[in-house]
Structures are given as C-alpha cells and as structure tokens.
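Undergrad: Got a predicted structure plus its sequence, pasted below:
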Amino acid sequence: MRRLPVYFLLDTSGSMYGEPIEALNNALSGMFNTLRSDPQALDSLWVSIITFDREVKEIVPLTELVNFQLPAIVCPQSGPTHTGLGLEMLHQKVKQDVRKGTESQKGDWKPLLFLFTDGKPSDIQLYREMIPKIKNLGFGAIVACAAGHLADDSILKELSTTVVHLDTCDSSTLKSFFRWVSDTIEQGNKSQGTGESVELPPPPEEVIMVI
Amino acid sequence: MNETGTYVLKLLEAHRIPFDETQKEGFDAFAQRPDIAEAYQQIRKLQEEMIEKWRISERIDQVLQKQIYIPNATAGKPYSAALSLHQLDLDFITHFEIEGLADLGLHYDATSETISGTPQQAGDAHITIRFKVDLEPSETPLNEKKVAFVVNPDPKNLWKNLPSKQEDLYAKKDEDQAFAHLVDRLYFLGVSKRGRAHANVGSFRDDDFAFAHYPATGWNVVAVADGAGSAKYSRKGAQFACQSVVQYFEDALESLEFAGFENDAQAFIHEPESKSAATFQQFAQNQLLKAAQEIQSRLFAFIAEQEQEVKDFHTTLIFVLFKKMHGHYLFLSFGVGDCPIAVLNEDLSRVFMLNKLDVGEYGGGTRFFTMPEIFEPEQIPGRISVLALRSFSYLVLQTDGIYDPKFEVEANLEKIVHWQSFMADLKGLNDEPGVDFSHNNQDIVAQLSAWMDFWSVGNHDDRTLAIVFQVT
C-alpha cells in the first residue's frame, strides 16, 4: 500500500487568538470529516499537524487517517510568528517519516504541504535558510495560504509557487479554503512523470490565487 | 507550651506582631482560655477540610487534563478497545461510567475495562466519561469529561461505481477483454479493468492492451500501456500506443529488413557467443528502437492533428514480439514505465524479466513513452531485451494495478517464489475462484475478470493482465 503523507503547518501566533483560531478549528474539523468519507483517502492518507508561534509543536505526528483524531488547536494571546522554526521541524520530520521507494520498499506518494499563516515570519533569516531545504524534499505540492491583511504574499511566494490569499479569517472563508485543500489532497495519489508536480483543482472564489 | 499556644505564637510571627519574654505569663493564660482552644480546634478542622478539598480538586483536574485516546472504530466492524484506569495512572478514580456508548452500539465493561461492540453509524461523536475520585463525598454530583470518539465509515461501502461518460472525447469501455488462439499451442488471454479509484468518480480506464498474430510471418505481439492518472487524455494515449504497436509490426515484419533477420537469429539461438549472434542482437535492438521511435512519432502526429498537448496523453508502454523459430521461442521486447514483462519457464522454476522498470523515489513517479528523454543512450539497455528460450509456460504483461498488490515491490518480480505464488493465486487459492488455463474453457475471460476484482486495501488502480500461455 502506498501512503500519501500530508503535512499541515499552521500559524498559532498571537494574532490568531480568538475568532480566527476558532474558525481554523472548525474548518479543519469539517475538512477531516469530508476526507473520512472518501474511500481513497481512508485507504492511503497519512496526516501530520505542526503548529508554530513562539514555539513549534508537532501536535499530531504522521498518523493514518483511519486512526487520526483532530486535537483542539490553541494559541497564546500574543507572541511572534516563528515560521522558519516551523519549517525546520517540518524538514526534520519529513526526512524521518516519509518513505522513499527502493527495490524492497514501497515508496510513499509525494508528500503534500499546506502552510497556513496570517502574518509574516518573525524569524525571516531562518525562514529563508530553510526554503531551499524544503524545496529539496520533493513535495508533490506546496500550498501556502496567507489569510488576512497582515499576511505577506510575496514572502510566501519565495517558498511556494502556489500561494493563495484569503481576505478574511472567518469561518466560511476558511471552510471553503479547506474544502479546496481536501480536493487537492484527492489529486495527490495519481501517477506522475518523475519530477512533475501535482496538478491543483481550480480554487473557489473566496480563495485568491496570488500570481 | 500547649498546642494552641504554639499555633498562636506562629500566627503572631506570621503577622509580624512583636512578642517578648516579659509577655510570657499573660500569653500562657491566653492560650489556655477555652474560647481560644476552641477557635484553634476549629481552625485545624477547617484547614484539614481545605487540604482534602484541594486533593480532590487536584485529582479531578488531573483526570480532566489527561489525554485519553480511544482508538477510532469502523462502522459495521466489531470493535474492542481497552480503557484501563491503571494504565492511565488514574487509580484514584472510585466511580467510572461512560455515557453515549449505547447510542453508538457499544458498551463498557468495568471488570475487563473494555469498550466493545459493533458501531453502526459513522461519525465524529463525543462520549462523556462520568467519574468520582477518592475522598469525594458520596452526595456530590459526578464529574464529567468529554472524549472524542471517531467512527470511520467502512471504505468498502463508500466506493461508488459510476459509469464513464460514453459521449466524452476519446471515450472507451470500462473493461476490455480478449481470448484468442495465436498459433500452434499458444493462446492469448487479456483483461483490462477500470480501477475503483476511477469508478468512484466516473472517470475512464487509463490502462489498455492490444495483441496480434501475423499469419504471413508467424510473429505475435502483445502490448500493454498504463496512462498517467494525472493526464486528462491518457486513456487515449495508452490506447493509441498499444494499437500503433500492432499496426506498426503488421507492415514492418513483412519488410525486407525483417526477412533477412531469421537466419541470423539461428546463430543467436544456437551459438550465443558467436560474432553473428552479437550482430543479430545489435540488429534486433536497432529494429526495436526504430519501432519505438516510429510509434512515438505516430502518437505525436495524432496529438498534433487533434490540436492537443502531449502532456495530456502521457502513458507508459511495454510490448513484446515473439515467434517460434529454430526450435526456440525468440522474444524481443521494449518498455518504458513501470509495467513489467516476464517470461516463466516451462516448470515455473525461473523467471526472466525483460525490462527494467522506471520507478521514481516516490510512489507513482515513472517515465512515460511520451517523454523525449526515453531514448537517451544510457537508458536503452534497460528498455530492450532479446531472449531465446527452448520453451516457456507463461508470458505475462501487467500494469501496476496488479503487481502493486500482488508483488508489493519491484525486487519481488525477480524472484520465482513470488511468481509461483502468483500463478497459484491466479489459478484459485484455497477454494477461491481462479482461472482454468485450458483452450476449451468457455468461461476463461469471465474467470480472469472475476479474479481481477480481488480486494486489496489502498490498491484501487486500473488493472490489466495480458497472458500468453501454452496448452499441452
């Protein structure tokens, strides 16, 4: 069986406190319910969630969707956005968890990364240092989502060719974004040419592609 | 000094009220007053109560904050999970019950500390743990803690079988089957089926196959292709590639180039070390390469004529030409992608893999026949094979929809034990229905088609199996 590893890197910095973090929790819960009703996802999807604020936490290590339970995602009332530190942990986890194919081991599908942030990296130097390392991991897709007016699209563009922008961080926008995420995940387990990346479905209207 | 006196002294000290030896006499009398002794007793009692209440509160918090993970269940499947208070380090719980389990079709057995039953309904439920900790008075209400409990749907029940739209561009049948006599004792059996992943969304089968026997020359050919899941018209790419193989050799085998070929083949078969054997091998390789290049350009021409883009037609392609000559079977093969071609010898004691698979480090990553780099010189040796065998039992071409579940990893395709179990499986293991490989079996196609529906978790790709076999 081939696994499709999907990593969520979520911003839990102070600016997410209150309504945004509630909306994020709701949207994630809705997305996982959708994925649970997809037989393909139930058979192959593995999920990991890493949060970053001042600290970085792997709140869910890479877990098969069948065994996955979404914990409540919490954030401090204030504090910096250590995106770079988040990428550093992600890099280490992907290296450790994702299986590459060999003669005697079935390789995973190319892993997917979804980065969600409402601010800009406070540790910009580390963030930029990590970018080439993350790109080298061979993700099938890196989707970076900038939510709200404080998020910086151009800095995310350095990491990912697919940057989307959400004008607000409210519940319905986030739901619509994460529905699109689940559609994208469903594209992840198809055969591709070596070196090609996953083709993304068209985003819903609330989600603005940053070109 | 009595106990009360000691307490009062400490109290004065804590409040920084000065006290010296000259006051001692008056203090002793004060400490012995009944109302003071009574007050001290009350304070002690209240303090003890407070400590006890703190102990209770601390324990309740410990339970509330404890991460209690109850494994997810699957709807319709028997479930059993241990929930041991001892293992959770919650031995101080004196009363424990779980609310909400009955609605899910489950129950908790306190003696075995196990949740069991068969949940019927999938969903994201919560159950409530109601408990009491040691020291809690019996009249206080039970404490409550909500714990997530997920019942996954059974993926087997979620797969839909939606027909593909037959009016769409490049529509093709969801299943293709063939059984035919080739020549002498050789028969061809092939089935290509749409995978559950495609059936679930009503999309097309991307796999394809084609075969032919050319009576004028005595040659046979079998081709199998697996269109890329990520390319929108790969179903046509795979179909066109397979059909082009059959068409190309129809003409090429009758050409002058191939006519002179068979004499040299004799040297290759009987004197494999000779110079003419090497010449033949080089010649055969050139012919296969030329064929593959011509088939690729026909596909490109078709795509251009259709005003489409090559990337939308990505497909793998394997083909093998074979013929009996000079008392041997000669196999000439070409392959791009991750579909294997294997020949099994007469008594199933050896397997000959004719191509090296193109597999990337991640799943699903492969090379396609539609990519320009496939003809790069360093890649050629793994793509082309020339093999002569005195006899064989099965020639098997398949897509990854079959070998992923049946062989798991590429390395196993080289091992005869895996082929022995594969053939045993195919013929029907442990009373499971299988395929009876005899020429007069009227149901052979239906048998193979039914066998190819085997269930394997996570393996829902299109499945194609093309087999040439000999009857005795």
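TA: Received, thanks.
Undergrad: Where in the chain is the helix or strand with the lowest mean pLDDT?
TA: Here I'm looking at chain A. strand A:192-193 (a mean of 60; mean pLDDT, DSSP states H and E).
Undergrad: My question was about chain B, not that one.
TA: helix B:256-259 (a mean of 66).
Undergrad: mean confidence for the helix or strand just after it?
TA: For helix B:256-259, the following helix or strand on the C-terminal side (DSSP states H and E) is helix B:261-270. Average pLDDT, helix B:261-270: 82.
Undergrad: list the buried ones in the following helix or strand past helix B:261-270?
TA: Counting by DSSP H and E, the element after helix B:261-270 in chain order, helix or strand, is helix B:275-305. In terms of neighbour count (16 or more other Cβ atoms under 10 Å in any protein chain shown), helix B:275-305 has its buried residues at B:277, B:280-281, B:283-285, B:287-288, B:291-292, B:295-296, B:298-299, B:302-303. Glycine gets a C-beta too; all of them are placed from N, C-alpha and C.
Undergrad: of all the residues in the stretch 301-450 of chain B, which ones are close to chain A?
TA: Residues of the stretch 301-450 of chain B that fall close to chain A, judged by Cβ under 8 Å from any Cβ of the partner chain: B:314, B:338, B:358-368, B:371, B:400, B:404, B:408-411.
Undergrad: Restricted to buried residues, select these in ChimeraX.
TA: A single ChimeraX command selects the buried members of those (16+ other Cβ under 10 Å):
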select /B:314,338,358,359,360,362,363,364,365,366,367,368,371,400,404,408,409,410
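Undergrad: Next step: the residues of the stretch 301-450 of chain B next to chain A restricted to strands.
TA: B:G365, B:T366 (DSSP state E).
Undergrad: Just the ones of the residues of the stretch 301-450 of chain B next to chain A in helices?
TA: Taking DSSP state H as the definition of helices, those contribute B:D400, B:D404.
Undergrad: any idea where the strands of chain A begin and end?
TA: A:4-11, A:45-52, A:56-64, A:112-117, A:141-147, A:162-166, A:192-193, A:208-210.
Undergrad: Indicate which one of these is closest to B:S164.
TA: B:S164 lies closest, by Cβ to Cβ, to one member of the strands of chain A: strand A:192-193, at 21.5 Å.
Undergrad: ok, now which ones touch A:K95?
TA: Counting by Cβ atoms under 8 Å, 6 or more residues apart in numbering or on different chains, A:K95 makes contact with A:L137.
Undergrad: Surely B:D425 is in a helix?
TA: Yes: if the criterion is DSSP: H, G, I helix; E, B strand; the rest coil, then B:D425 is within a helix.
Undergrad: Okay, it and B:R59: tell me how far apart.
TA: Going from B:D425 to B:R59 by Cβ to Cβ, to the nearest Å gives 57 Å.
Undergrad: same check, this time on A:V143
TA: Using Cβ to Cβ, which is the criterion applied here, A:V143 is 45 Å from B:R59.
Undergrad: Those two: which is more packed in?
TA: Here A:V143 and B:R59 are compared on neighbour count by other Cβ atoms under 10 Å in any protein chain shown; more neighbours surround A:V143, at 23 against 20.
Undergrad: just checking, that one touches A:T162?
TA: Yes: A:V143 lies in contact with A:T162 (Cβ atoms under 8 Å); the separation is 4.8 Å.
Undergrad: Mind listing the shared neighbours of these two?
TA: A:L200.
Undergrad: which stretches of chain A aren't confidently modelled?
TA: For chain A, the stretches with pLDDT under 70 are A:188-197, A:211.
Undergrad: got the contact list for A:L150?
TA: A:S15, A:D118, A:G119, A:K120.
Undergrad: phi, psi of the last one?
TA: Backbone torsions for A:K120, taken as degrees, to the nearest 10, come to phi -120, psi 160.
Undergrad: roughly how far apart are it and A:A151?
TA: For A:K120 relative to A:A151 (Cβ to Cβ), the value is 7 Å.
Undergrad: more neighbours, those two?
TA: Legend: neighbour count by other Cβ under 10 Å for A:K120 and A:A151, higher for A:A151 (23 against 17).
Undergrad: shouldn't that one be in contact with A:T117?
TA: Yes: in this structure, A:A151 is within contact of A:T117 by Cβ under 8 Å, at 5.8 Å.
Undergrad: contacting residues for residue 64?
TA: You didn't say which chain, so I picked chain A. A:E64 neighbours (Cβ under 8 Å, 6+ apart): A:R3, A:L45, A:W46.
Undergrad: Let me rephrase: I mean chain B.
TA: B:N143, B:K145.
Undergrad: so how many other residues sit close to the closest residue in space to A:L137 that isn't next to it in sequence?
TA: Here the nearest residue to A:L137 in space, its sequence neighbours aside, is A:V94; by Cβ to Cβ, 6 or more residues apart in numbering or on different chains that works out to 5.1 Å. Residues lying near A:V94 (other Cβ under 10 Å) number 20.
Undergrad: quick revisit: most surrounded residue in the contacts of A:E64?
TA: Most surrounded of those: other Cβ under 10 Å gives A:L45, at 28 neighbours.
Undergrad: if I read this right, that one contacts A:L112, doesn't it?
TA: No: judged on Cβ under 8 Å, A:L45 makes no contact with A:L112 at a distance of 9.8 Å.
Undergrad: Kindly point out which residues are neighbours of both of these two.
TA: A:L4, A:V6, A:I185.
Undergrad: just curious, which of these is nearest to A:E103?
TA: Using Cβ to Cβ, A:L4 is the member of those that lies nearest A:E103, at 21.7 Å.
Undergrad: Quick check: the residue of the stretch 101-250 of chain B nearest chain A.
TA: Across the stretch 101-250 of chain B, no residue is closer to chain A than B:G229, which sits at 3.1 Å (Cβ to the nearest Cβ).
Undergrad: roughly how far apart are that residue and B:T315?
TA: As judged by Cβ to Cβ, B:G229 and B:T315 stand 11 Å apart.
Undergrad: Now the common contact residues for these two.
TA: With Cβ under 8 Å, 6+ apart, B:G229 and B:T315 have common neighbours B:D206.
Undergrad: Settle it for me: which of these two has more neighbours?
TA: Per other Cβ under 10 Å, whichever of B:G229 and B:T315 has more neighbours is B:T315, with 29 against 20.
Undergrad: I'd say that one and B:F368 touch.
TA: Yes: here B:T315 reaches B:F368: they are 5.9 Å apart, a contact under Cβ under 8 Å.
Undergrad: what touches both of those two?
TA: Common neighbours of B:T315 and B:F368 (Cβ under 8 Å, 6+ apart) are B:A228, B:G337.
Undergrad: got the residues of the stretch 51-200 of chain B near chain A?
TA: Residues of the stretch 51-200 of chain B lying near chain A (Cβ under 8 Å from any Cβ): B:69, B:71-72, B:74, B:122, B:124, B:148, B:150, B:152-153, B:155-156, B:158-159, B:196-197, B:200.
Undergrad: got the residue ranges for the helices in chain A?
TA: Assigned by DSSP H, chain A shows helices spanning A:19-36, A:39-44, A:83-97, A:124-135, A:153-157, A:171-187.
Undergrad: Could you identify which of those is most buried?
TA: Highest mean neighbour count among these (mean count of other Cβ atoms under 10 Å in any protein chain shown): helix A:39-44, with a mean of 24.
Undergrad: Contact partners for B:V386?
TA: B:F268, B:F280, B:Q281, B:A284, B:Q285, B:L330, B:F331, B:L332.
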